[in-house]
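[1] here is the input, now give the coordinates:
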Amino acid sequence: MASGGNTISTGGGLPGRYASALYALADEQNMLDAVVAEMESLGRLIDESADMRRLLGSPLVDIATALKAARAVLQAQGFGKTVQDFVAVVVTNRRMAALRSIVATFAALVAEKRGVVVAYVETAHPLTDVQEQQLRARLIEAGYGNVNIVKQVDPTLLGGLVVKIGARLYDTSLKSRLQRLQYAMKGAA
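    Numbering: from 1, shown residues only. A predicted model of the protein is given here:
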């Protein structure tokens with residue numbers, strides 16, 4: 001991929017515009033690695049803090065209060081000026097509810113720019129380290145060189161796994177196998 005290209009396939013719309021703007025700013029300031037690390041931390045903060053999710057999701061909180069609260073949290077957590085200012089822009093523009101989506105889109109943009117393929121893996125039970133290494137080896141064999149595995153547990157799968165890479169979906173879950181069997185039996189009846 002040419003480094004000067006502006007074509008980004010990591011989702012357009014609002015999250016894509018904000019993520020692209022932050023990426024360009026961080027790159028211009030030669031702070032890309034620091035901003036990437038802080039945005040990962042921001043994503044974890046949002047995921048792990050019910051209070052933060054309530055703040056971002058509430059349409060009843062006025063902008064001044066939300067801005068003050070967000071800045072206080074980010075300062076207390078040690079976030080740098082670039083990320084603090086970015087979140088302030090998001091809050092000021094009344095896009096608080098989209099912040100988690102913007103963080104995810106930013107992560108996808110960074111992965112794309114760095115040539116990292118993101119594989120979203122759902123399993124019925126948490127993967128062991130050995131299973132994750134085996135999965136990584138299989139993905140490399142399939143032509144996905146630099147792979148970042150994002151894991152999620154979904155007990156309704158019963159067994160097996162579902163892997164989504166870009167537009168490709170590999171579903172070896174027991175749940176989908178049983179559904180296919182059920183449809184096949186209905187067709188034979």
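[2] now do the phi/psi pair for the nearest residue to residue 59 once chain neighbours are set aside.
    Leaving aside its chain neighbours, residue 59 sits nearest to residue 97 (7.8 Å; criterion: C-beta to C-beta, 6 or more residues apart in numbering). Heads up, the C-betas are built off the backbone N, CA and C, glycines and all. Torsion angles at residue 97 (phi, psi; degrees, to the nearest 10) stand at phi -60, psi -20.
[3] now for residue 97: which residues touch it?
    56-57, 59 (C-beta atoms under 8 Å, 6 or more residues apart in numbering).
[4] make TSV out of those and add secondary structure.
    TSV is the format used below for the contacts of residue 97 (DSSP: H, G, I helix; E, B strand; the rest coil):
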residue	secondary structure
56	helix
57	helix
59	coil
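[5] redo these as CSV? Include neighbour count and distance to residue 136.
    Converted to CSV, the contacts of residue 97 look like this (neighbours: other C-beta atoms under 10 Å; distance: C-beta to C-beta, whole Å):
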residue, neighbour count, distance to residue 136
56, 21, 33
57, 12, 35
59, 7, 42
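[6] which among the residues you listed gets closest to residue 47?
    residue 56 (11.4 Å; C-beta to C-beta).
[7] so the closest one touches residue 96, yeah?
    Yes: with contact defined as C-beta atoms under 8 Å, residue 56 reaches residue 96; the gap is 4.6 Å.
[8] three-state assignment of residue 150?
    Applying three-state DSSP: residue 150 is strand.
[9] how about it, nearest residue that isn't a chain neighbour?
    Nearest to residue 150 is residue 120, by C-beta to C-beta, 6+ apart, at 5.0 Å.
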